[in-house]
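Q: generate a structure from the sequence data that follows.
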Amino acid sequence: MNLPELHRELIAAARATPPDDRVPYAFEKRIMAQLAGRKPLDAWGLWGNALSRAAACCMAFMLVLSAASYFLPAGNPVPLSQDVEQTLLAAVDSNSAD
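A: This is a model prediction of the structure:
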């Protein structure tokens, strides 16, 4: 496919077609004015909004877990903090034994 040839043929066909009377006067100018008035998409604003919502969800989840660990009876005599510490340090302990 020859793109310059296709482009030339399409431009020639567009120029040969008479303008349609159904298009309102200065329609293209109104459209271009509306496009010029739009603000560009703010990517940092979108990220900030998403991260603030995620932070709010994490805080709510943390509060629920904190309340559950405080108010629910412990079936395990080992406190939750020691369970978390053992879980996090399990990989270190297994690597040091090798």
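Q: what about stretch 82-93, how long is it end to end?
A: 15 Å (CA to CA, to the nearest Å).
Q: now it, how far from the chain's geometric center?
A: In terms of CA atoms, centre = their mean, to the nearest Å, the centre of stretch 82-93 is set 34 Å apart from its chain centre.
Q: with stretch 19-36 instead?
A: 34 Å.
Q: can you name the element that comes right after the helix ranked longest in the chain?
A: In terms of residue count, the longest helix belonging to the chain (DSSP state H) is helix 43-71. For helix 43-71, the succeeding helix or strand toward the C-terminus, using DSSP states H and E, is helix 80-88.
Q: what residues sit buried inside that following helix?
A: Buried positions in helix 80-88, judged by neighbour count with 16 or more other CB atoms under 10 Å: none. To be clear about C-beta, it is placed using only N, CA and C from the backbone, and glycine gets the same treatment.
Q: residue 55 and residue 31: what is the separation?
A: Here residue 55 is placed at a distance of 40 Å from residue 31 (CB to CB, to the nearest Å).
Q: secondary structure class for residue 40?
A: coil (DSSP: H, G, I helix; E, B strand; the rest coil).
Q: local confidence estimate at it?
A: Per-residue pLDDT puts residue 40 at 83.
Q: next, count neighbours for it.
A: 5 (other CB atoms under 10 Å).
Q: what's the answer for residue 43, then?
A: Residue 43 has 8 neighbours, counted by other CB under 10 Å.
Q: and if you look at residue 21?
A: Residues near residue 21, counting by other CB under 10 Å: 6.
Q: kindly report the same for residue 68.
A: Count around residue 68 with other CB under 10 Å applied: 10.
Q: please renumber the chain so that the first residue is 56 from this point on.
A: Okay, residue one is now 56; in that scheme the one you just asked about reads as residue 123.
Q: since that was my last question, I'll sign off now.
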